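*Asks:* model this:
(one chain, ligands or ions: 1)
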Amino acid sequence: MHHFHYIEKELYCEEVPVSDVALEVGTPFYLYSHATLRQHFRAVDHAFDGLKHLTCFSVKANSNIAILRLFALEGGGMDIVSGGELYRSLKAGVAPNKIVYSGVGKQTEDLEYALRSDILMFNVESPLEILKLNEISGRLSRKARIAIRVNPDVDPKTHPYISTGLRENKFGIDINDALEQYTLAASLENLEISGVSCHIGSQLTQVSPFVDALGKLYGLIGELESKGIKINYLDLGGGLGITYDTEEPPHPREYAAAIKAELQTEDLTLILEPGRVIMGNGGILVTKVLYTKPTREKTFFVVDAAMNDLMRPALYDSYHMIQPVKTSDREKIKADVVGPICESSDFFAKGREMESCRQGELLAIMSAGAYGFSMASNYNSRPRACEVMVKGDRFYTIRERETFEDLIKGETIPDFL
Ligand code: LLP
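*Replies:* Numbering: from 1, shown residues only. So this is what the prediction gives:
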């Protein structure tokens with residue numbers, strides 16, 4: 001369920017006509033629905049009611065501090081992968097003891113920052129990281145709570161670029177080597193074993209890979225306990241998919257039911273790291289048609305958003321529904337919706353059957369709340385779009401559109417030039 005809907009022929013976000021926002025802030029812009037985001041967060045979090053659990057929103061899906069604050073107010077924690085994400089989370093008012101930190105390449109300064117901030121848990125991903133974290137914790141006279149992120153070798157059956165839990169992937173420590181690494185970590189003075197974690201991939205549309213991974217994690221937890229290594233947290237990562245087109249992913253309720261059915265003990269606190277399932281359909285990217293360009297081959301709608309704003313189609317060939325902000329009764333045609341960037345991969349849709357549109361009209365690129373703005377760049381020296389949040393009948397700019405000055409911030413011309 002989301003709150004982007006038509007009244008008569010006009011697209012609304014909650015009670016605000018999308019075109020009103022465009023008049024105020026210009027295009028392109030990201031538009032998020034507060035009610036949708038809150039509802040999606042609760043759908044995941046409440047699905048696990050009755051179990052000790054912590055819902056850590058995956059900051060990489062959308063890192064705007066207003067969004068992070070919204071989830072923090074709902075009691076959420078954060079799943080971070082960098083010092084920058086930690087900074088954002090703390091600025092948004094997230095409690096450090098609700099933050100978990102994953103990533104294959106954590107840097108010394110970031111580890112120090114996270115240790116000083118006293119975050120809940122480091123999900124370590126390699127033997128060398130275990131040693132490094134122990135060394136840094138010792139230096140700072142701290143004790144780092146860790147989980148080993150294990151690679152359970154489960155096929156998430158999703159796009160290869162967003163699969164992470166297969167042996168061939170760079171993530172985590174092979175589950176078959178985990179016992180040895182836990183034993184090593186347990187012998188180190190400045191580490192405290194706290195959990196077991198995994199994240200097998202993103203945009204999963206079935207529950208079975210999660211259940212398989214959970215089974216493998218339990219196998220490991222059993223072995224650890226027999227060695228006297230006590231586990232408090234079971235971090236299952238994120239990965240639940242959404243409907244972009246015709247996918248029928250499980251509802252968080254079904255996901256939770258499948259997990260609950262497998263639980264072997266209620267002692268452990270479950271950690272979830274959802275990103276897309278909360279954010280994806282809570283945001284859209286609104287863009288204006290700059291030119292309609294019929295060619296001998298096909299029709300192009302050239303819009304003012306581009307792959308620098310939303311790179312998912314260029315990177316994964318992913319599907320995003322495109323809807324007119326004001327519908328017409330014009331005939332449907334097949335068209336390519338493309339951006340102004342000098343790359344053929346700068347497209348939002350190819351050969352898409354859609355209502356024919358005219359210069360100056362607005363289009364909404366749907367399901368853009370997750371991995372949209374957070375993956376945006378300044379390629380072609382395009383200032384990044386602004387972000388707006390709607391609540392009820394009001395809207396708030398939560399990030400201003402960048403300016404040309406922003407583009408050259410930090411650049412200097414050395415004396416010899
Ligand atoms: N936890 C960890 C350790 C992760 O690496 C990720 C996502 C998540 C949680 C959240 O996964 P989610 O619930 O959103 O599926 N840019 C890609 C997605 C990359 C996901 C990377 N890791 C896309 O646009 O589809």
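
*Asks:* Neighbours of the nearest residue to residue 242 once chain neighbours are set aside, how many?
*Replies:* Among residues not flanking residue 242 along the chain, residue 280 sits closest, at 4.2 Å (Cβ to Cβ, 6 or more residues apart in numbering). The way it works is simple: take the backbone N, C-alpha and C, and place the C-beta from them, glycine included. When neighbours are defined as other Cβ atoms under 10 Å, residue 280 has 25 of them.

*Asks:* Tell me the confidence at residue 280?
*Replies:* pLDDT, residue 280: 98.

*Asks:* so who does it touch?
*Replies:* Residue 280 is in contact with 61, 242, 244, 367, 368, 369, 370, counting by Cβ atoms under 8 Å, 6 or more residues apart in numbering.

*Asks:* I'd guessed the second one sits against residue 204; true?
*Replies:* No - with contact defined as Cβ atoms under 8 Å, residue 242 and residue 204 do not form a contacting pair (10.3 Å).

*Asks:* picking that back up, okay if I get the contacts of residue 280 as JSON lines plus pLDDT, distance to residue 32 and neighbour count?
*Replies:* Output for the contacts of residue 280, formatted as JSON lines (pLDDT from 0 to 100; distance: Cβ to Cβ, whole Å; neighbours: other Cβ atoms under 10 Å):
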{"residue": "61", "pLDDT": "98", "distance to residue 32": "12", "neighbour count": "26"}
{"residue": "242", "pLDDT": "98", "distance to residue 32": "15", "neighbour count": "20"}
{"residue": "244", "pLDDT": "98", "distance to residue 32": "17", "neighbour count": "19"}
{"residue": "367", "pLDDT": "98", "distance to residue 32": "12", "neighbour count": "25"}
{"residue": "368", "pLDDT": "98", "distance to residue 32": "10", "neighbour count": "29"}
{"residue": "369", "pLDDT": "98", "distance to residue 32": "6", "neighbour count": "30"}
{"residue": "370", "pLDDT": "98", "distance to residue 32": "11", "neighbour count": "26"}
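
*Asks:* circling back: phi, psi for the residue nearest to residue 242 please.
*Replies:* Backbone torsions of residue 280, given as degrees, to the nearest 10, read phi -50, psi -60.

*Asks:* Please identify which residue in the stretch 251-400 of the chain comes closest to the ligand.
*Replies:* Residue of the stretch 251-400 of the chain nearest the ligand, by Cβ to the nearest ligand atom: residue 275 (2.6 Å).

*Asks:* For the contacts of residue 280, which two are the farthest from each other?
*Replies:* 61 and 244 (14.3 Å; Cβ to Cβ).

*Asks:* So is the top helix by length along the chain next to the ligand?
*Replies:* In the chain, with assignment by DSSP state H, the single longest helix is helix 208-226. No - judged by Cβ under 6 Å from any ligand atom, helix 208-226 makes no contact with the ligand; its nearest approach is 11.2 Å.

*Asks:* Repeat that for stretch 144-158.
*Replies:* No - contact between stretch 144-158 and the ligand is absent, the nearest approach being 7.3 Å (criterion: Cβ under 6 Å from any ligand atom).

*Asks:* overlap in contacts of residue 242 and residue 204?
*Replies:* With Cβ under 8 Å, 6+ apart, residue 242 and residue 204 have common neighbours residue 249.

*Asks:* Which residue, neighbours along the chain excluded, lies closest to the residue nearest the centre of the chain?
*Replies:* By Cα atoms, centre = their mean, the mean C-alpha position of the chain lies nearest to residue 61, the distance being 1.9 Å. Excluding its sequence neighbours, the residue lying closest to residue 61 (Cβ to Cβ, 6+ apart) is residue 275, at 3.1 Å.

*Asks:* and that neighbour, what pLDDT?
*Replies:* Looking at residue 275, the pLDDT reads 98.

*Asks:* Residue 56 belongs to a strand?
*Replies:* Yes - the assignment for residue 56 by DSSP: H, G, I helix; E, B strand; the rest coil puts it in a strand.

*Asks:* Can you pull the residues of the stretch 51-200 of the chain lying near the ligand?
*Replies:* Counting by Cβ under 6 Å from any ligand atom, the stretch 51-200 of the chain sits next to the ligand at 58, 60, 61, 79, 102, 162, 199.

*Asks:* Flag the least confident of those residues.
*Replies:* Ranking those by pLDDT puts residue 162 at the bottom, with 71.

*Asks:* show me the contacts for that one.
*Replies:* 201, 202, 203, 316.

*Asks:* list the buried ones in stretch 378-391?
*Replies:* 382, 384, 385, 386, 387, 388, 389, 390, 391 (16 or more other Cβ atoms under 10 Å).

*Asks:* Among the residues of the stretch 51-200 of the chain next to the ligand, name the ones in helices.
*Replies:* Reading helices off these, I find no matches (DSSP H).

*Asks:* which two in the contacts of residue 162 are spaced the farthest apart?
*Replies:* Largest pairwise distance in the contacts of residue 162, by Cβ to Cβ, is 12.5 Å, between 201 and 316.

*Asks:* of the two, who's got more company?
*Replies:* residue 201 (27 against 15).

*Asks:* For that one, give me its contacts.
*Replies:* Residue 201 touches 156, 158, 162, 163, 164, 165, 209, 239, counting by Cβ under 8 Å, 6+ apart.

*Asks:* Format these as a markdown table; extra columns: distance to residue 403.
*Replies:* As requested, the contacts of residue 201 are exported to a markdown table (distance: Cβ to Cβ, whole Å):
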| residue | distance to residue 403 |
| --- | --- |
| 156 | 41 |
| 158 | 38 |
| 162 | 33 |
| 163 | 39 |
| 164 | 37 |
| 165 | 42 |
| 209 | 44 |
| 239 | 37 |
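
*Asks:* mind listing the helices for the stretch 101-250 of the chain?
*Replies:* Here the stretch 101-250 of the chain has its helices, by DSSP state H, counting those that start in this stretch, at 108-117, 127-139, 175-186, 208-226.

*Asks:* Brilliant, that's me finished.
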